[in-house]
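>>> just a sequence and a predicted model for now, questions to come.
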Amino acid sequence: MLRQWRHRRRLSQLDLAIAADVSARHVSLVETGKSHPSAVMILRLAEQLGVPLRERNRLLLAAGFAPRYAERPLDQEALSAAWGAIERVLRAHEPYPALAIDRRWNIVMSNRALDPFLAGVAPNLLVPPINMVRLGLDPRGLAPHIVNLAQVHALLRIRITRQLARAPDPELTTLYEELLAPHSGDASQPVESEVAIPMIFRFGGRELRLFSTTTTFGTPTDITLDEVAIESYYPTDAETAAYFTSPGTGR
């Protein structure tokens, strides 16, 4: 497992050894099963490889140790402070849309500014867990309102391809193959730059241009928090900003 993660990060045994301040021979012995590392050593190597907390637990189990990181629902009392922090961030971002998603792009929380975008979306797409990718690309969802759908499709493909390269996930792979995998006659187009590429919506003959930022928790020790990201949307021009801030927009 350690070798697989090292290869995924494109590091040699020497690269990993230098980063973790151990000998390359020790890394080799661990990978071949000739040395039984301590839990501390496993976590040190995993940290240098950027292994997600969920996968660090699997490394520990494979070495005969108990999992180190808990996974609790966001609304559990132990995570109430984090839940409250997410709520405050989303609410403070109004009147612009913002939402929190898990590692599979399921929406775990959103602010009120998102609600008007969901009007007219097929009811079955709004049954929890609501998947952000499916919501955006499904013809029964927001896809008919996204002017630059091909560009958004390509950008999502890039992001999820990178995510799967960092940490494979069967359910996310299925989602990718269903909605994002290249096919013959694919209408998506290459993305030359990922810097502030807007999503352009058209509602009632009016175009709204929004770009997004992604926020994650710093140094989480809970798997749920490690996998939550907040997507915040901002207007790219004065006309879009005015749409959200003027009375009578429903936002």
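Yes, it's here.
>>> quick check: phi and psi at residue 98.
Main-chain torsions, residue 98, degrees, to the nearest 10: phi -150, psi 150.
>>> so who does it touch?
89, 90, 110, 111, 113, 114, 230, 231, 232, 233 (CB atoms under 8 Å, 6 or more residues apart in numbering). Any C-beta I mention is one placed from the backbone N, CA and C, and that applies to glycine too.
>>> just residue 63 next, same as before
36, 37, 39, 42.
>>> so which of those residues belong to helices?
39, 42 (DSSP state H).
>>> what stretches of the stretch 101-250 of the chain score poorly on pLDDT?
183-196, 248-250 (pLDDT under 70).
>>> mind listing the helices for it?
132-137, 149-166, 170-179, 223-226, 238-245 (DSSP state H, counting those that start in this stretch).
>>> now the buried members of the contacts of residue 63.
37, 42 (16 or more other CB atoms under 10 Å).
>>> ok, the contacts of residue 63 vs residue 172, which is closest?
Ranked by distance to residue 172 (CB to CB), these are led by residue 42 at 24.8 Å.
>>> might one say that that closest one is in contact with residue 57?
No - between residue 42 and residue 57 there is no contact under CB atoms under 8 Å: 10.4 Å.
>>> report the central residue of the chain.
residue 103 (4.9 Å; CA atoms, centre = their mean).
>>> can you report how many residues lie near residue 100?
Using other CB atoms under 10 Å, residue 100 has 22 other residues around it.
>>> close enough to count as contact, it and residue 87?
No - with contact defined as CB under 8 Å, residue 100 does not reach residue 87; the gap is 9.1 Å.
>>> hang on, residue 129 packs against residue 105?
No - with contacts defined as CB under 8 Å, residue 129 does not count as touching residue 105, sitting 9.4 Å away.
>>> quick one: which of these two has more around it?
For residue 129 versus residue 105, neighbours defined as other CB under 10 Å are more numerous around residue 105 (23 against 12).
>>> now do the same contact list for that one.
131, 132, 133, 160, 172, 175.
>>> swap the cut-off to 7 Å and go again
131, 132, 133 (CB atoms under 7 Å, 6 or more residues apart in numbering).
>>> just name the closest of those residues to residue 241, please.
residue 132 (23.0 Å).
>>> for the contacts of residue 63, which one is nearest residue 148?
The nearest one, if we look at the contacts of residue 63 relative to residue 148 and count by CB to CB, is residue 42, at 44.7 Å.
>>> thanks a lot, see you next time.
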